[in-house]
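S.K.: Here's a sequence, model it:
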Amino acid sequence: MKWLGFFKRKEEPATIRIAEFQDKDTSANAFWRWFQKNAKAISAEMRSTHISRGDPEPLMDLIHNALRRVDDGLVFEMGTAADKVDELIVSADGILEKFPAVTSLVSAAPALDGWRILAFRQRNDGADLAIGTIKLNAQTVFYLSKIAKERIDVRVIFPNIIDVDAKTQSQLAFLLLDMVLGEYDVATSLGEIDVAMIGEGELPNGRPLIDLANEVDAFQRARAKH
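M.R.: Model (predicted):
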């Protein structure tokens with residue numbers, strides 16, 4: 001999927017000809033009436049922005065502001081999938097307390113020709129995460145895990161090819177976990193999450209992060225039986 005967030009900005013500020021969501025009714029149904037009315041224009045703007053490498057911010061701001069009128073904890077990702085269908089992914093940005101707002105909004109979505117509406121960031125374990133000239137993915141990053149209090153505690157272990165501070169390591173870890181597990185499973189199945197770095201000359205400890213998906217799926221099946 002080609003996310004708008006990766007596009008380069010133009011030097012000149014862009015304008016957009018799509019009416020803002022200004023209905024006094026800020027319910028999910030009102031949002032979808034607005035989105036359905038403008039869906040073709042939003043799709044055209046998104047695709048033309050990608051082709052021209054234009055500034056995505058006006059369109060991103062338009063959707064962001066509309067969603068925040070429904071619930072200020074909602075965020076989103078938007079792009080065109082490999083099957084050429086446009087996708088709007090509504091997210092709580094990992095905040096468990098906002099999950100009901102996501103499911104409520106997405107469950108109210110009408111059928112929209114050419115669009116797929118999804119709740120929560122989806123698994124995408126084949127993607128790369130670029131840090132400068134270095135690419136990380138679920139095959140090159142490792143993990144250790146243990147079950148604790150009906151959750152799985154995870155340590156994400158980075159190769160020593162990156163040189164970033166602890167805060168950035170933590171941010172990268174959560175991005176990679178979202179890619180491997182999806183937002184919902186990260187929030188509902190994982191417990192404590194910490195990070196470590198492989199020392200120079202050390203061999204990787206643990207398993208490739210891509211294996212965590214199978215472990216979490218098995219854990220969820222076992223938990224459902226109790």
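
S.K.: Share the number of residues neighbouring the closest residue to L74 other than its chain neighbours, please.
M.R.: Closest residue in space to L74, ignoring its immediate chain neighbours: L67 at 4.3 Å, by CB to CB, 6 or more residues apart in numbering. Heads up, the C-betas are built off the backbone N, CA and C, glycines and all. L67 has 22 neighbours, counted by other CB atoms under 10 Å.

S.K.: again, but for S91
M.R.: The number of residues packed near S91 is 23, by other CB under 10 Å.

S.K.: Now that it has come up, it's in contact with V75, right?
M.R.: Yes: counting by CB atoms under 8 Å, S91 touches V75, with 4.9 Å between them.

S.K.: what about the residue nearest to L74, distance to E57?
M.R.: Distance from L67 to E57, counting by CB to CB, to the nearest Å: 15 Å.

S.K.: again, but for E183
M.R.: Look at E183 and E57: by CB to CB, they are 23 Å apart.

S.K.: Which positions in the helix or strand where L212 lies come out as buried?
M.R.: Assigned by DSSP states H and E, L212 belongs to helix 212-225. Applying a neighbour-count criterion of 16 or more other CB atoms under 10 Å, one finds L212, A213, E215, V216, F219 buried in helix 212-225.

S.K.: ok, now stretch 34-43?
M.R.: Neighbour-count burial for stretch 34-43 flags W34, F35, N38, A39, I42, S43 (criterion: 16+ other CB under 10 Å).

S.K.: one step back: who's more crowded, E183 and E57?
M.R.: More crowded of E183 and E57, by other CB under 10 Å: E183, with 23 against 18.

S.K.: Mind pulling the model confidence for the more buried one?
M.R.: What the model reports as pLDDT for E183 is 96.

S.K.: Pretty sure it sits against L96.
M.R.: No: taking CB under 8 Å as the definition, E183 is not a contact partner of L96, at 10.2 Å.

S.K.: and the spatially most central residue of the chain, helix, strand or coil?
M.R.: With distances taken as CA atoms, centre = their mean, R121 lies nearest the centre of the chain, 3.7 Å away. Under DSSP: H, G, I helix; E, B strand; the rest coil, the three-state class of R121 is coil.

S.K.: ok, now the one 4 residues further on?
M.R.: Counting by three-state DSSP, the backbone at D125 sits in coil.

S.K.: Touching, it and A138? I think so.
M.R.: Yes: here D125 reaches A138: they are 4.6 Å apart, a contact under CB under 8 Å.
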